[in-house]
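> okay, predicted coordinates and the sequence, questions at the end:
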Amino acid sequence: MNLTFLKTICERLKKTLPTITYQLSPSRIAIPKDAYNPSRKQYYSTPILNEIYDKTRHLDTDGVLGVTEVDLYVPHLNFVFGEAQCPGKAAVISLHRLKPEFYGRAPDPKLFEERGVKEAVHELGHVFGLNHCRNPECVMFFSNSIHDTDFKQVKFCDNCSKKLRL
């Protein structure tokens, strides 16, 4: 995982959610072996989310965001960009399907960064108690495709901003 990219996401999160303190952890959490589904060639996000929570629940923090490059899914969906406890303390996002190369496009670092920030803010929104929003421009809108992620903004709509418990 590219440390520079993670630092950039962290800096962008500080601008989007300025009342929160961010710290990039040098430690890594192993993906549980039972999370991998060989028939799907994907990783079930819930065991990963649970592992993140189990390994970090002792920390004095309001939330932890795990970032992975493996392809995630939950039952009944082809894939997910991430998953979070809502409300809770743990979230995880996958960068796998956020890369333009996944869709046969040329690498685009700015687009990749923007997508990563949107999904990070979205999952942290769940950690802080927000559900999915019906406004397709709100960062809390459920992304069923990369087009949804690209269309939505990196910020909360007025309604979600009012509900945000920080």
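That came in fine, so what should we check first?

> what's stretch 102-118 in contact with?
5, 8-9, 12-13, 16, 67, 93, 95-96, 98-101, 139, 146, 149-150, 152-154 (C-beta atoms under 8 Å, 6 or more residues apart in numbering). (C-beta placed from N, C-alpha, C; glycine too.)

> strands - which of those land there?
Members of the contacts of stretch 102-118 lying in strands (criterion: DSSP state E): Val67, Ile93.

> please pick the buried ones from the contacts of stretch 102-118.
Among the contacts of stretch 102-118, those scoring as buried are 9, 12-13, 16, 67, 93, 95-96, 98-99, 139, 146, 149, 152, 154 (criterion: 16 or more other C-beta atoms under 10 Å).

> biggest separation within those, which pair?
Farthest apart among these by C-beta to C-beta are Thr16 and His96. That separation is 22.2 Å.

> and the residue lying farthest from the centre of the chain, what's its pLDDT?
Using C-alpha atoms, centre = their mean, the residue of the chain lying farthest from its centre is Ser39. It sits 24.2 Å away. The model reports Ser39 with a pLDDT of 97.
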